[in-house]
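have a look at this fold, sequence not included:
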């Protein structure tokens with residue numbers, strides 16, 4: 001979720017969470033990570049293909065289930081709204097650990113990325129227009145009116161909320177549409193994109209690197225879920241390439257996404273709506289809109305507030321999340337956390353600290369993910385002193401083990417959004433799924449075209 005990497009000023013500030021509450025949150029996260037990694041990978045045949053359920057998906061589902069059942073659980077297991085807000089806040093530290101690992105992977109593979117030629121550049125058009133191409137016709141056929149614009153011009157993360165909110169207001173049909181896309185992505189996005197990516201991968205019709213570029217949708221958790229599902233069906237060497245290309249694509253999408261959606265995707269979606277609505281939406285009354293149209297309903301406000309975390313707490317969170325990654329690497333991939341593995345994790349955390357320091361030093365003008373990625377790539381770029389040694393140490397940590405904590409905190413934070421999500425109606429949820437599928441498949445199709453014949 002791209003917005004997870006940006007500080008936002010549009011959210012209300014949530015009440016502070018006590019130290020004991022945060023300790024409870026991290027203990028629950030630890031238990032979920034251990035259970036998810038112990039379950040491991042589960043393959044389910046689906047016709048000619050298969051769906052691979054990864055530990056990161058178990059973590060998301062377990063966290064979400066804990067939040068939903070919280071009112072009926074004993075006190076120590078109860079996940080209050082404040083703790084769910086805190087879990088959402090800790091997504092950023094978890095994501096930056098994952099991004100640092102991907103940056104370290106990308107650095108050593110930059111020559112291979114550059115060899116992809118136009119594939120990496122042009123596949124971004126699939127990301128930004130695929131949401132509209134796949135989602136808008138379905139929205140109109142289902143009788144949705146101008147909500148379709150907000151729901152299909154992007155994948156609907158926080159920058160998209162800001163764009164629509166400034167232009168139309170969040171009480172508008174367009175505002176309800178982008179909120180529906182936002183909530184659908186928050187609650188179901190990672191699960192949906194992982195299942196879709198795994199199924200498409202199993203069919204064997206796409207170059208896995210084209211699918212990897214499709215996974216870079218501009219959302220850290222969705223990229224982790226999709227690239228993990230793709231990588232799980234590859235050899236270890238190809239799996240590393242999948243992570244590399246997904247990270248490169250996601251970095252491009254994250255850095256230029258706001259400008260692209262503002263100046264290209266949104267105007268084009270508005271134009272397409274004007275052309276297609278009289279054809280596909282004819283004789284479909286406004287009553288087909290979701291029930292959230294009631295202006296008195298509070299559904300237009302996300303049910304969460306921003307929890308602010310101090311620098312000391314953030315550093316401690318990075319250390320704990322790194323430890324969770326070591327546990328997952330051990331349980332699922334059999335890598336005992338000896339001195340060299342711990343040193344590799346220390347390099348990853350050090351990369352995050354350096355990137356975060358630059359982010360603060362330069363006034364937060366560019367997202368932290370950019371600086372963390374750049375430093376990670378620089379450390380392992382061929383020709384950098386000790387690049388091979390750094391790559392060897394950090395290479396002992398599987399990137400999927402670092403994705404599980406991300407989805408754990410995402411799962412622990414989603415229950416707070418479910419009431420508002422339910423009020424938005426099933427039609428626009430279907431449209432949101434189509435938009436998410438569109439951004440993935442659109443980019444993969446374009447990348448596949450430019451990568452044919454496949455890279456060696």
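Structure received. Remember, predicted model here, so these are calculated numbers, not experimental data. Residues are numbered from 1 along each chain as shown.

now the helix or strand where residue 29 lies: buried residues?
Residue 29 is located in helix 19-39, with elements delineated by DSSP states H and E. Of all the residues in helix 19-39, those buried under the rule 16 or more other C-beta atoms under 10 Å are 22, 24-26, 28-30, 32-34, 36-37, 39. C-betas here are computed from N, CA, C, even on glycine.

so what's residue 400 closest to, chain neighbours aside?
Sequence neighbours aside, residue 228 is the residue nearest to residue 400 in space, at 4.9 Å (criterion: C-beta to C-beta, 6 or more residues apart in numbering).

contacting residues around the one you found?
Residues counted as contacts of residue 228 (C-beta atoms under 8 Å, 6 or more residues apart in numbering) are 54, 56, 194, 399, 400, 403.

which of the helices or strands spans it?
Per DSSP H and E: helix 220-231 holds residue 228.

quick check: what element follows that helix along the chain?
The first helix or strand that comes after helix 220-231 along the chain, using DSSP H and E, is helix 236-260.

same for that following helix, what does it pack against?
In terms of contacts (3 or more C-beta pairs under 8 Å, 6 or more residues apart in numbering; DSSP states H and E), helix 236-260 is packed against helix 91-108, helix 110-114, helix 118-141, helix 158-167, helix 208-215, helix 220-231, helix 368-380.

the second one packs against which elements?
In other words, helix 110-114. If you count contacts as 3+ C-beta pairs under 8 Å, 6+ apart, helix 110-114 packs onto helix 236-260.

re earlier: mean confidence for the helix holding residue 29?
The average pLDDT for helix 19-39 rounds to 91.

so it versus helix 91-108, what angle?
50 degrees (axes from the mean of the first three to the mean of the last three C-alpha atoms, to 10 degrees).

can you list contacts of helix 19-39?
Judged by C-beta under 8 Å, 6+ apart, the contacts made with helix 19-39 from elsewhere in the structure are 17, 55-56, 58-59, 62-63, 66, 76-77, 79-80, 82-83, 86-87, 90, 313, 317, 320, 324, 327-328, 331-332, 401, 404-405, 408-409, 411-412.

what about the residues you listed, which are in helices?
Among the contacts of helix 19-39, the residues falling in helices (DSSP state H) are 55-56, 58-59, 62-63, 66, 82-83, 86-87, 313, 317, 320, 324, 327-328, 331-332, 401, 404-405, 408-409, 411-412.

of all the contacts of residue 228, which two lie farthest apart?
Across the contacts of residue 228, no pair lies farther apart than 194 and 399, at 14.4 Å, counting by C-beta to C-beta.

so between those two, which is more surrounded?
A side-by-side neighbour count of residue 194 and residue 399, using other C-beta atoms under 10 Å, places residue 194 first with 29 against 26.

hang on, that one in a strand?
No. In this structure, residue 194 is helix, not part of a strand, as judged by DSSP: H, G, I helix; E, B strand; the rest coil.

can you tell me how far the closest residue to residue 332 other than its chain neighbours sits from residue 104?
If the residues on either side of it in the chain are set aside, residue 332 comes closest to residue 37, at 4.8 Å by C-beta to C-beta, 6+ apart. Going from residue 37 to residue 104 by C-beta to C-beta, to the nearest Å gives 22 Å.

with residue 347 instead?
7 Å.

now swap in residue 152 and tell me
Residue 152 sits 35 Å away from residue 104 when distances are taken as C-beta to C-beta.

which one's more surrounded, these two?
Neighbour comparison, residue 152 and residue 104: the larger count goes to residue 152, with 34 against 30 (by other C-beta under 10 Å).

list the buried ones in the helix or strand that contains residue 340?
Under the criterion DSSP H and E, the helix or strand holding residue 340 is helix 339-361. Buried positions in helix 339-361, judged by neighbour count with 16+ other C-beta under 10 Å: 341, 344-345, 347-349, 351-356, 358-359.

does residue 51 count as helix, strand or coil?
When the structure is reduced to helix, strand and coil (three-state DSSP), residue 51 reads as strand.

any regions of the stretch 1-150 of the chain where pLDDT drops low?
Regions of the stretch 1-150 of the chain meeting the criterion pLDDT under 70 cover residues 1-18, 47-49, 116-117.

how about 90 then?
Judged by pLDDT under 90, the stretch 1-150 of the chain has its weakly predicted residues at 1-24, 40-58, 60-61, 64, 67-96, 98-99, 102-103, 105-129, 142-147.

do the stretch 351-456 of the chain as well
Judged by pLDDT under 90, the stretches of the stretch 351-456 of the chain that qualify are 363-371, 373-374, 377, 383, 398-400, 403, 406-407, 409-429, 432, 449-456.

what about the closest residue to residue 398 other than its chain neighbours, distance to residue 320?
Spatially, and ignoring its direct neighbours in sequence, residue 398 is nearest to residue 333 (4.9 Å; C-beta to C-beta, 6+ apart). Distance of residue 333 to residue 320, computed by C-beta to C-beta: 20 Å.

what does residue 155 give?
Taking C-beta to C-beta as the measure, residue 155 falls 29 Å from residue 320.

please apply the same query to residue 71.
Taken as C-beta to C-beta, the spacing of residue 71 relative to residue 320 amounts to 27 Å.

who's more crowded, these two?
Remark: of residue 71 and residue 320, residue 320 carries more neighbours, 17 against 10, as counted by other C-beta under 10 Å.

give me every residue that touches the more buried one.
Counting by C-beta under 8 Å, 6+ apart, residue 320 makes contact with residue 26.

per-residue confidence for it?
The model reports residue 320 with a pLDDT of 96.

how about the one 3 residues further on?
Reading off the per-residue confidence, residue 323 sits at a pLDDT of 97.

closest to residue 167 among the buried residues of helix 339-361?
Using C-beta to C-beta, the shortest approach to residue 167 within the buried residues of helix 339-361 belongs to residue 359, at 28.3 Å.

list the residues that contact the closest one.
For residue 359, the contacting residues are 366, 367, 368, 371, by C-beta under 8 Å, 6+ apart.

ok, and the most crowded of the residues you listed?
Among the contacts of residue 359, residue 371 has the most neighbours (other C-beta under 10 Å), with 24 neighbours.

quick check: that residue touching residue 355?
Yes. Here residue 371 lies in contact with residue 355, judged by C-beta atoms under 8 Å, at a distance of 4.0 Å.

now stretch 260-278, how far from the centre of its chain.
24 Å (C-alpha atoms, centre = their mean, to the nearest Å).

buried sites along that stretch?
By 16+ other C-beta under 10 Å, the buried positions in stretch 260-278 come out as 260, 261, 262, 265, 266, 268, 269, 272, 273, 276, 277.

which one is the second one nearest to, not counting chain neighbours?
Read that as residue 261. Computed as C-beta to C-beta, 6+ apart, the closest residue to residue 261 that is not its neighbour in sequence is residue 154, at 4.6 Å.

what helix or strand is that neighbour located in?
Counting by DSSP H and E, residue 154 is found in no helix or strand.
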